[in-house]
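S.K.: Sequence first, then the predicted structure, then my questions.
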Amino acid sequence: MDYFIVCLVALLGSALTLFSGFGLGTLLLPVFGLFFPIEIAIIMTSIVHFSNNSIKLLIFGKKIDTNVALKFGIPALFSAFLGAYLLKLLTNMQPLFDYSIFGKTVEIMPIKLIVGILLVLFSVFDFIPKFKNIGFDQKYLSLGGVLSGFFGGISGHQGALRTAFLIRTHLSKEAFIATGVFIACLVDISRLSIYIPEIIKNDTTLNYKLIVSATISAFFGVYFGNKILQKTTITIVQNIVAVLLFLFGGLLILGLV
């Protein structure tokens, strides 16, 4: 069941992100979180996310807008280091407090609280039209890179902020996709370099067969998304996912998952 659910989400999420800017990582993290501790889920999601973006970069790489990519991507690269390092510190912290519910003691862990809050915040970006259409002037591209990279380093949730800043750059659809993928790859490289010690330490915990299966599914998602998906189907899907992210984020904040 875990293979079926993760692979299905990887396929659909990879297809949808081509059109919507809605990150594959945003979809995969809650699903991985159902079967693994949240810090392991983040690492596994980052591996699949980077593998998928590498494939997309091979397909769309020629359309990258170098100016936008560098102004946004370089700050994102460095701030992702800070976010990933903060994640490492949060993972090793003790529970903030605990409480009892239905006769069970529940611990509120800092990492779950932070990731839960991020999930709730980013679900708002994709669910409320007022926030979904927010954009920023091009002169703020570097600031957008810092913010997007930092949050991407913590949990991988960089897509909503990246889209909000890049939407005002008037890129073609192909250039928008290619430039966004390139920036996402920079952030993935940055945070994976911080995660490597954790990957080695948790080597026996990581399910590599599931990671490979999810990556292959995501590749097929890119293929089918590039062929058949239309923009008109994205809004409904984004709203459904936003609700699920909000609920999962709330459960993380309460320590129930």
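M.R.: Thanks, I have the structure now.

S.K.: in stretch 66-78, what's buried?
M.R.: Buried residues in stretch 66-78, counted by 16 or more other CB atoms under 10 Å: 68-77. Quick note: C-beta positions are derived from backbone N, CA and C, even for glycine.

S.K.: no, scratch that, I was asking about stretch 34-53
M.R.: Of the residues in stretch 34-53, those buried (16+ other CB under 10 Å) are 35-53.

S.K.: What ranges in the stretch 51-200 of the chain fall below the confidence cut-off?
M.R.: By pLDDT under 70, the low-scoring segments of the stretch 51-200 of the chain are 92, 126-127, 129-137, 155-160, 164, 167.

S.K.: Could I get the full set of strands for it?
M.R.: Assigned by DSSP state E, counting those that start in this stretch, the stretch 51-200 of the chain shows strands spanning 97-101, 104-108.

S.K.: how far off strand 97-101 does the last one point, in degrees?
M.R.: In other words, strand 104-108. 150 degrees (axes from the mean of the first three to the mean of the last three CA atoms, to 10 degrees).

S.K.: Report the buried residues of strand 104-108.
M.R.: For strand 104-108, using 16+ other CB under 10 Å, the buried residues are residue 108.

S.K.: For that strand, name the packing helices and strands.
M.R.: When contacts are defined as 3 or more CB pairs under 8 Å, 6 or more residues apart in numbering; DSSP states H and E, strand 104-108 sits against strand 97-101, helix 234-254.

S.K.: Any chance of a markdown table for the strands of the stretch 51-200 of the chain, columns distance to residue 150?
M.R.: Below are the strands of the stretch 51-200 of the chain laid out as a markdown table (distance: least, CB to CB, whole Å):
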| stretch | distance to residue 150 |
| --- | --- |
| strand 97-101 | 26 |
| strand 104-108 | 23 |
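
S.K.: between those, which one is nearest to residue 57?
M.R.: Each of these has some distance to residue 57 by CB to CB; the shortest is strand 104-108, at 38.5 Å.

S.K.: nearest residue to residue 105 other than its sequence neighbours?
M.R.: residue 98 (5.5 Å; CB to CB, 6 or more residues apart in numbering).

S.K.: Report how many residues lie close to the one you found.
M.R.: Residue 98 is flanked by 11 other residues according to other CB atoms under 10 Å.

S.K.: measure it to residue 153 for me?
M.R.: Note on residue 98: its distance to residue 153, by CB to CB, to the nearest Å, is 28 Å.

S.K.: wait, isn't residue 60 in contact with residue 172?
M.R.: No. Using CB atoms under 8 Å, residue 60 makes no contact with residue 172, being 11.1 Å away.

S.K.: re the thing from before, least confident of the helices and strands packed on strand 104-108, on average?
M.R.: Lowest mean pLDDT within the helices and strands packed on strand 104-108: helix 234-254, at a mean of 72.

S.K.: who's in contact with stretch 200-219?
M.R.: Stretch 200-219 is contacted by residues 2-3, 6-8, 10-11, 13-14, 24, 28, 36, 40, 43-44, 47-48, 51-52, 55, 199 when judged by CB atoms under 8 Å, 6 or more residues apart in numbering.

S.K.: swap the cut-off to 6 Å and go again
M.R.: 3, 6-7, 10-11, 14, 40, 44, 47-48, 51-52, 55 (CB atoms under 6 Å, 6 or more residues apart in numbering).

S.K.: again, but for stretch 140-151
M.R.: 71-72, 75-76, 79-80, 82-83, 157-158, 161-162, 165, 187.

S.K.: Give me the next element, helix or strand, following the helix or strand encompassing residue 15.
M.R.: For residue 15, the host element (DSSP states H and E) is helix 2-20. Sequence order places helix 24-35 as the next helix or strand after helix 2-20, per DSSP H and E.

S.K.: Point out the other helices and strands that that following helix packs with.
M.R.: Helix 24-35 makes packing contacts with helix 2-20, helix 38-60 when contacts are defined by 3 or more CB pairs under 6 Å, 6 or more residues apart in numbering; DSSP states H and E.
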